[in-house]
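Chemist: All I have is the shape, not the residue letters:
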């Protein structure tokens, strides 16, 4: 696999200008790395199944890698992974945590890689930040024939009563503060992803949970772009009220977050 820049060289490839909201994560990169959920082993099992090959040895691009949450898991499964990230703050956090992983500054709208050079391209929580009219042909260009494009998102499991109640409070809050509901802090289902039907995606939903301190749960919420673009004061106010809502439900201070990973895979 080759790229038009390397982690050790001055980049020749300029990332496509991202929206301010897409780059809002840069200023909370450390919080994002510490608080955001990872992914269950069953997700990578499903990626292997639907891609029709093992991750071990697969030439993999993790695009929109952020702080490296998915990059780390792909590497641990033996993938020959290169992280691709446009945000300088997020990229710096990824390099700090994973200095041995090749890191390229770029984005999915103009991938700085050779044609037919990747076995697998992954987007974890990041496909929705791309211009699909550009990122789709770019992924198909860089994938080898038979290669796989895998997109996934952690979506909060609204069948859990406390999660559903929190979702209602989030929607009411953003409607009052920003004039519109915003579902990004809990995620949204595949039908809103803008997946092109001609790519024939196979969908898989993978439930899982994690147990974390209440403070980490609130930091996770606060690291979402909806809060980052809203401002510190209303964010602080919502998270303080949310602590009061959740403390009686989790008296030991440990929250069990419930997710469903929304996985979508297509073969070139």
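Modeler: Perfect, I can see it now. Since this is a predicted model, take the numbers as computed values, not measurements. Numbering: from 1, shown residues only.
Chemist: quick one: contacts for residue 43?
Modeler: When contacts are counted by C-beta atoms under 8 Å, 6 or more residues apart in numbering, residue 43 touches 152, 206, 208, 261, 263. All C-beta spots, glycine's among them, are computed from the backbone N, C-alpha and C.
Chemist: A strand includes residue 26, no?
Modeler: No - remark: residue 26 does not belong to a strand; assigned using DSSP: H, G, I helix; E, B strand; the rest coil, it is helix.
Chemist: dump the residue contacts of it.
Modeler: For residue 26, the contact set (C-beta under 8 Å, 6+ apart) comprises 87, 88, 89, 90.
Chemist: Let me know how buried the first one is, in neighbour terms.
Modeler: Using other C-beta atoms under 10 Å as the criterion, residue 87 is surrounded by 24 other residues.
Chemist: ok, and the closest non-adjacent residue to it?
Modeler: What sits nearest to residue 87 in space, not counting adjacent residues and going by C-beta to C-beta, 6 or more residues apart in numbering, is residue 26, at 4.6 Å.
Chemist: What's the separation between that neighbour and residue 237?
Modeler: In this view, residue 26 and residue 237 are 23 Å apart by C-beta to C-beta, to the nearest Å.
Chemist: Pick out the most distant pair among the contacts of residue 26.
Modeler: Across the contacts of residue 26, no pair lies farther apart than 88 and 90, at 7.5 Å, counting by C-beta to C-beta.
Chemist: The two: who's more crowded?
Modeler: More neighbours surround residue 90 than the other of residue 88 and residue 90, with 24 against 13 (other C-beta under 10 Å).
Chemist: how about the strands in the stretch 1-150 of the chain?
Modeler: 59-63, 80-84, 103-104, 118-124, 143-156 (DSSP state E, counting those that start in this stretch).
Chemist: Would you mind giving those strands as a markdown table with distance to residue 250, mean neighbour count and mean pLDDT added?
Modeler: Formatted as a markdown table, the entries for these read as follows, by distance: least, C-beta to C-beta, whole Å; neighbours: other C-beta atoms under 10 Å; pLDDT from 0 to 100:
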| stretch | distance to residue 250 | mean neighbour count | mean pLDDT |
| --- | --- | --- | --- |
| strand 59-63 | 33 | 28 | 98 |
| strand 80-84 | 34 | 25 | 98 |
| strand 103-104 | 37 | 24 | 97 |
| strand 118-124 | 27 | 25 | 97 |
| strand 143-156 | 16 | 21 | 96 |
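Chemist: out of those, which comes closest to residue 49?
Modeler: Distances from residue 49 to each of the strands of the stretch 1-150 of the chain were compared using C-beta to C-beta; the minimum, 10.7 Å, belongs to strand 143-156.
Chemist: Touching the next helix or strand after the closest one from outside, list them.
Modeler: Using DSSP states H and E, the helix or strand that follows strand 143-156 in sequence is helix 161-178. Surrounding helix 161-178, the residues in contact under the criterion C-beta under 8 Å, 6+ apart are 156-158, 180-183, 185-186, 226, 230, 234, 238, 241-242, 245-246, 249, 257-258.
Chemist: switch to 6 Å and redo it
Modeler: Taking contacts as C-beta atoms under 6 Å, 6 or more residues apart in numbering, the residues outside helix 161-178 that touch it are 156, 157, 158, 181, 182, 185, 186, 234, 238, 249, 258.
Chemist: helices or strands up against the very next helix or strand once past it?
Modeler: In the C-terminal direction, the helix or strand that comes right after helix 161-178 (DSSP H and E) is strand 202-213. Applying 3 or more C-beta pairs under 6 Å, 6 or more residues apart in numbering; DSSP states H and E, one finds that strand 202-213 makes contact with helix 41-51, strand 254-267.
Chemist: so strand 202-213 versus strand 143-156, what angle?
Modeler: 50 degrees (axes from the mean of the first three to the mean of the last three C-alpha atoms, to 10 degrees).
Chemist: What's the mean pLDDT across the helix or strand following strand 202-213?
Modeler: Tracing the chain C-terminally past strand 202-213 and defining elements by DSSP H and E, one meets helix 214-222 next. Within the predicted structure, the mean pLDDT of helix 214-222 is 96.
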